[in-house]
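S.K.: can you look at this prediction? I've put the sequence above it.
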Amino acid sequence: MIERTERRRQSREAKIVSPRQTMRLPAPVRRLRRKAPLYAMQGIAELSTRLKQMTGHDVIDLNRVMDVVQFVYKQQELARRGPDYAVDDFGFDPQWTESFLPLFKALYRDYWRVETTGVHHVPAEGRALLVSNHAGVLPWDGTMIKTSVFAEHPNPRHVRALVAGLFMGMPVLSWFLRRTGQTVGHPDDTRRLLERDELVLVFPEGVRGTGKKFKDRYRLRRFGRGGFVATAIRAGAPIIPVSVVGSEEIYPMVADLNPVARLIGLPYFPVTPFWPWLGPLGMIPLPSKWRIQFHPPVHVERHPPEAADDQHLVMAIADDVRNTIQKGIYENLKLRRGVFL
Amino acid sequence: MSPVPSRVLITGVSNPLGAEVARRLAPQVPFLIGCDVADPISALEEMDFVHADTRQAAIGKLIRQLHIDTVVHLAVMVDSPYNERAIHETDVIGTMNVLVACAGPSSPVRRLVIKSSQAIYGAGAGDPSFFSEEMASTERPSSSSMTRDLLEMEQLVGEHILRNPLSAVTVLRLGFRLSEDTTLATYLSLPVVPTFAGFDPRLQFLHEDDAAEAIVRAVIGGQAGVFNAAGDGVVLLSQAIAIMGGRPAPIMPPYVRWLSRLALRGVARLNLPAHLADVLAYGSVADCGRLEAAFGWKPAFTSRAVIDSLARGREVEVLESPSPPQEFELQVYLQRRRREHGNGSRALSPPTRATSGPTSP
């Protein structure tokens, strides 16, 4: 009873909110706007069956079309949330991220035709540190590893990749990366994510990896100072090495204009056969054939947390992981028939 | 190290936070005195008030002659319309003066609570997602004078702690607050909010009540050390603007930020300090785990609740109005009477003279 009077005292009078006065379109136009997606779908379906009858095989894949429609509807639905959504403390919005998955799945299946092996090595739950090689001027390999775990794993999980602070300082990327679950490559962030039992992806090569020239595209760079191993030991998380083949060819970087890069504050300024000559067109990645291999986990959680200060052990494990990834790259290169096949 | 504070001095008592802290402390401590340069915004019968400037050595005399054992130093400007020079004078020189007054074996002060700010961490693209207490260091490049001033201030505090092991010092790094008059609240309340193009940082807020509560808890048997204090969770800038009913306009170029600040001052009459401009580009979130562990308490309002309450506050009238001027005069009168008759004791003797009253000179 007290509660009710209290609530009544604190409540405000309801007021009648009139709908916003905007120009009303004529009825036929409104009906058309409502029904347009439906008509478009019907049209495409009809066209698809006609084409199938004429040529004998699927020219338009209706599932892909449905994906696009779903994507548009999902975006509209997300826009309706207004400010009433929650992001985690790192700024990750899972609902929003999943709405973009159809796009990345299209890239994954149709554009780069990624073949993934050993995804069962990724634990269905609990913490783990994925360690991968890094290549290609822009970090597309990160997006594909994320997509592969979400699309191929029996228990779809979001991979939280660690990104160089440089990318976090770039407009658009700064919020897009954070909202899709990435965070800054800082040991403190790695520790916090692992302690929350997340799946964390690191590229120990860092920008030295993405900035490597085309001629040494398959050769791994130095793995930092093995900091990722120390973090994994402290957090008690297994390390899962990942080899990615194919990201090396998306932007064949033939030269690096270092003075230009230094002028605009970038670690490298790539020159490819298409960039910067073709402008924005040169930023389209080439459709190389990709393979991603997840290796069996290295169980560093067997070591006590104090072992993280043992520099010898840390460097030994880091070297092991590096060799596993390097070997994986050569094996997958043999399995791949050609760069674009 | 006296566990229970008995004679407490609050500096900077005339700002809203200082007044709130005084109001909450008054029933818990036997003797309370506040000082500030400006007149108090609300008077308390239990609190004495003197005009005193922390930038002058007079504060030392005040502390020694009144045998103050606990100093609550709130005269630290973080979000203020004054220029950099005045802020530096107050924050660094003022704090130095207070520390000098509290230092030495002859000093009666045993506890010191100092207000600092989350602005001490600055904000940058490569910064970790959470700032823990040890991450404020002079080695990190910081472009804003506010951050440099706070770092210098805390460095002085650190030296004080080393030299005076007898006194317990608590430094509270308060998160960004959103009372009506803070720059951040004014910025978020704009009908069209210009933001840095391509940036949508995570923000973290601290409610006024929680700020006052944290300080009071630090005074009454709090632990010594440096603590972050800010609300749970984060709110994205775009979310905050939408909650406030504004419209984000990503028109400010992200690179030459002082130019945008100049434009904001000219167009929206909003003086955005450099450290806030950095926060609005890269965001700043503090880890308050240490506070929770040491105090057994954490801010009651989440960041989301703070911005919600600010948005609601704009719709309804202010619920708790500041004390009206009559009350202020009455309190001053009562205080003076108390001093004349009771001679320091709490008991009020009945009036003996007919002339005593608010009309008497």
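M.R.: Received it, and whenever you're ready, just let me know what you need. Residues are numbered from 1 along each chain as shown, chains lettered A, B, ... in the order given.
S.K.: which residues of the stretch 201-350 of chain B fall in helices?
M.R.: Secondary structure of the stretch 201-350 of chain B by DSSP state H, counting those that start in this stretch: the helices cover B:208-219, B:237-243, B:257-268, B:274-282, B:289-295, B:303-315, B:325-337.
S.K.: what packs against the third one?
M.R.: I take that to be helix B:257-268. strand B:192-196, strand B:247-252, helix B:274-282 (3 or more C-beta pairs under 8 Å, 6 or more residues apart in numbering or on different chains; DSSP states H and E). For glycine as for every other residue, the C-beta is placed from the backbone atoms N, C-alpha and C.
S.K.: let me have these in TSV, extended by mean neighbour count.
M.R.: TSV is the format used below for these (neighbours: other C-beta atoms under 10 Å in any protein chain shown):
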stretch	mean neighbour count
strand B:192-196	19
strand B:247-252	15
helix B:274-282	24
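S.K.: follow-up on the earlier one: most tightly packed of the helices of the stretch 201-350 of chain B?
M.R.: helix B:274-282 (a mean of 24; mean count of other C-beta atoms under 10 Å in any protein chain shown).
S.K.: which outside residues touch that one?
M.R.: Residues outside helix B:274-282 that contact it (C-beta atoms under 8 Å, 6 or more residues apart in numbering or on different chains): A:168-169, A:174, B:79, B:119, B:122-125, B:127, B:143-147, B:176, B:183-184, B:187, B:195-196, B:199, B:201, B:203, B:237, B:254, B:257-258, B:260-261, B:272, B:284.
S.K.: repeat that for stretch A:162-174.
M.R.: With contacts defined as C-beta under 8 Å, 6+ apart, stretch A:162-174 is touched by A:139, A:142, A:177-178, A:182-186, A:189-190, A:200-203, A:206-207, A:266-267, B:124-127, B:196-201, B:254, B:282.
S.K.: now intersect the residues you listed with the strands, please.
M.R.: Cross-referencing the contacts of stretch A:162-174 against strands under DSSP state E gives A:183-184, A:200-202, B:196.
S.K.: quick check, nearest of the residues you listed to A:P296?
M.R.: Closest approach between the ones in strands among the contacts of stretch A:162-174 and A:P296, by C-beta to C-beta: A:L201, at 17.0 Å.
S.K.: bridged to that closest one, which residues?
M.R.: For A:L201, the beta-bridge partners are A:L130, A:A161 (DSSP bridges).
S.K.: that one against A:R160, yeah?
M.R.: Yes: A:L201 is within contact range of A:R160, at 6.8 Å (criterion: C-beta atoms under 8 Å).
S.K.: got the helices of the stretch 201-350 of chain B as CSV, with mean pLDDT columns?
M.R.: Shown next, in CSV, are the helices of the stretch 201-350 of chain B (pLDDT from 0 to 100):
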stretch, mean pLDDT
helix B:208-219, 94
helix B:237-243, 93
helix B:257-268, 89
helix B:274-282, 92
helix B:289-295, 94
helix B:303-315, 86
helix B:325-337, 70
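S.K.: include distance to A:W275 when you put the ones you listed into JSON lines, please.
M.R.: Below are the helices of the stretch 201-350 of chain B laid out as JSON lines (distance: least, C-beta to C-beta, whole Å):
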{"stretch": "helix B:208-219", "distance to A:W275": "51"}
{"stretch": "helix B:237-243", "distance to A:W275": "31"}
{"stretch": "helix B:257-268", "distance to A:W275": "29"}
{"stretch": "helix B:274-282", "distance to A:W275": "27"}
{"stretch": "helix B:289-295", "distance to A:W275": "45"}
{"stretch": "helix B:303-315", "distance to A:W275": "41"}
{"stretch": "helix B:325-337", "distance to A:W275": "70"}
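S.K.: out of those helices, flag the one nearest A:L32.
M.R.: Closest among those, once you apply C-beta to C-beta, is helix B:237-243, at 30.8 Å.
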